[in-house]
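> Everything below, folded, please.
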Amino acid sequence: MIALTIRGEYTGAITLEDMTFPDSAAYDWIQISPDEWKDERIEGKLRRTFQRHIAIFAKQSGSLAIGPVTHMLTKAETNARAQVPVTAKAVSINVAPYPAPGRPLAASTLAVTDELSGDPARIRDDQTIQRRITLTAQGSMGHLLPPRPDLREPWLISFAAPEKRETRLTQDGPVAFVQWEWSLRPITGEQGALPPMRFSWFDTGKREMRGAIMPPIPFGYGKLAENVGGMAQAPALARWSSMAAVLAGFLMPLLVLLRSRRFPALSRLKAALHRLRPNPALTDLREAARGQDLLALRRSVEKYLGHEASVSPTQNLALHRLDTALFAKEPHDFDRDAFLAEITRSRGR
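As a prediction, this is how the structure comes out:
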């Protein structure tokens, strides 16, 4: 942050005034306090003084030009009013390069908090834990703080609340604030850990790079019987694998023959053959859709989509609506029949 003070010393009666600080592609700026007008005696003469405090944030290194700044005054003369422009010349400031790779973040202080609504190492079955990370940087602006981290793990579903990002004005200058919140719930029964996070920033007081590190967060075991890597599903998977191998033995020669003849509808035939191949998770998905446990439905649809060749935009949208209902704080209407139809539509079921 570059602190800039614009000061004017005037004589005579001023009835109106207007000053517009110039915008620039080379910097961001914000006025950090109200304008100050007062009477002062300067070198024995009474003057009307004006002060405006601006915080400037350079977007790049090198010579930074600020201004000129014009203060348009309306002064009362004997029998009339006159407009008097007062202009301060442009100034240049040399901005040093940011001393590290990545997105620049400079502040006098950076505070990071990581809050959890429960102990993830002792999480119960079907329990949801809220995680909230808050960054507060003194002497910066909200849009200069880093973007939201991505919390995605194959054993976890996460639902992100809208972030809160703003610049707060205080007596000590601007303060950048951002807050992220997720609802986290393991779904596979596996033990896992969220990776550590590091937020690097330049300390403008000590003139050195510093880092705030969030340690990894381990999650305990859930339902071991439903562990995707466990043996509970092995017989069923073995049966379906055998059926798939037999079916492939009949279809592969046909596909080779069609490809050798440059069959024009090969892609359509492949899609039709995919729809004929049974999805081993379809039965469980239908049973879960008839129940009331949305988390069980979420597990079933994950298994179902894992056996599909691709996930369509319609299926992604349906999955998003399920997550919204799953993490809603209030009771949320959810049409299970419509959801099942959207998820299985690509197979014509």
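> Run through the helices of the stretch 101-250 of the chain in chain order.
Here the stretch 101-250 of the chain has its helices, by DSSP state H, counting those that start in this stretch, at 234-260.
> Could you list the low-pLDDT ranges of it?
Counting by pLDDT under 70, the stretch 101-250 of the chain has low-confidence residues at 221-250.
> the strands in the stretch 151-300 of the chain, which residues?
Assignment of strands within the stretch 151-300 of the chain using DSSP state E, counting those that start in this stretch yields the ranges 156-160, 164-170, 173-186, 192-194, 197-203, 208-214, 217-219.
> which parts of the third one are buried?
Neighbour-count burial for strand 173-186, with 16 or more other C-beta atoms under 10 Å as criterion, is recorded at 173-186. All C-beta spots, glycine's among them, are computed from the backbone N, C-alpha and C.
> picking that back up, any chance of the strands of the stretch 151-300 of the chain in JSON lines with distance to R124 as columns?
Listed next are those as JSON lines, based on distance: least, C-beta to C-beta, whole Å:
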{"stretch": "strand 156-160", "distance to R124": "15"}
{"stretch": "strand 164-170", "distance to R124": "29"}
{"stretch": "strand 173-186", "distance to R124": "10"}
{"stretch": "strand 192-194", "distance to R124": "16"}
{"stretch": "strand 197-203", "distance to R124": "25"}
{"stretch": "strand 208-214", "distance to R124": "24"}
{"stretch": "strand 217-219", "distance to R124": "12"}
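> nearest to R345, of these?
Ranking these by proximity to R345 (C-beta to C-beta) places strand 156-160 first, at 22.2 Å.
> May I see the buried residues of strand 173-186 organised as JSON lines, with distance to I217 added?
Formatted as JSON lines, the buried residues of strand 173-186 follow (distance: C-beta to C-beta, whole Å):
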{"residue": "G173", "distance to I217": "33"}
{"residue": "P174", "distance to I217": "31"}
{"residue": "V175", "distance to I217": "27"}
{"residue": "A176", "distance to I217": "25"}
{"residue": "F177", "distance to I217": "23"}
{"residue": "V178", "distance to I217": "19"}
{"residue": "Q179", "distance to I217": "18"}
{"residue": "W180", "distance to I217": "14"}
{"residue": "E181", "distance to I217": "15"}
{"residue": "W182", "distance to I217": "11"}
{"residue": "S183", "distance to I217": "14"}
{"residue": "L184", "distance to I217": "9"}
{"residue": "R185", "distance to I217": "14"}
{"residue": "P186", "distance to I217": "12"}
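> which stretch among the strands of the stretch 151-300 of the chain comes nearest S140?
So among the strands of the stretch 151-300 of the chain, strand 173-186 is nearest, using C-beta to C-beta, at 4.0 Å.
> Pull up the pairing partners for the closest one, direction included.
With DSSP bridges as the test, strand 173-186 is paired with strand 129-138 (antiparallel), strand 156-160 (antiparallel), strand 164-170 (antiparallel).
> How far off centre is it?
9 Å (C-alpha atoms, centre = their mean, to the nearest Å).
> Show me what secondary structure element comes after the host helix or strand of N316.
Using DSSP states H and E, N316 maps to helix 313-326. On the C-terminal side of helix 313-326, the closest following helix or strand by DSSP H and E is helix 336-343.
> in that following helix, what's buried?
336, 339-340, 342-343.
> That helix to helix 313-326, inter-axis angle?
Computed with axes from the mean of the first three to the mean of the last three C-alpha atoms, to 10 degrees, the direction of helix 336-343 lies at 150 degrees from that of helix 313-326.
> Please list the residues outside helix 336-343 that contact it.
Residues outside helix 336-343 that contact it (C-beta atoms under 8 Å, 6 or more residues apart in numbering) are 285-286, 289-290, 297, 301, 304-305, 314-315, 317-319, 321-322.
> buried set for the helix holding N316?
Those would be 315, 318-319, 322-323, 325-326, for helix 313-326 by 16+ other C-beta under 10 Å.
> From the centroid of this structure, which residue is nearest?
R148 (3.1 Å; C-alpha atoms, centre = their mean).
> show me what contacts that residue?
Counted by C-beta under 8 Å, 6+ apart, R148 has contacts 160, 163, 180.
> between these, which is closest to I32?
E163 (23.8 Å).
> Quick check: the gap between the closest one and A296.
30 Å (C-beta to C-beta, to the nearest Å).
> So those two - more neighbours on which side?
More neighbours surround A296 than the other of E163 and A296, with 17 against 13 (other C-beta atoms under 10 Å).
> Against E302, how distant is that one?
For A296, the distance to E302 - C-beta to C-beta - is 11 Å.
> still on that earlier bit, the strands of the stretch 151-300 of the chain: which one's closest to P280?
Of all the strands of the stretch 151-300 of the chain, strand 156-160 comes closest under C-beta to C-beta, at 21.4 Å.
> And the contacts of that closest one?
Contacts of strand 156-160 (C-beta under 8 Å, 6+ apart): 148, 151-152, 180-187, 192, 194, 219, 298, 323-324, 326-327.
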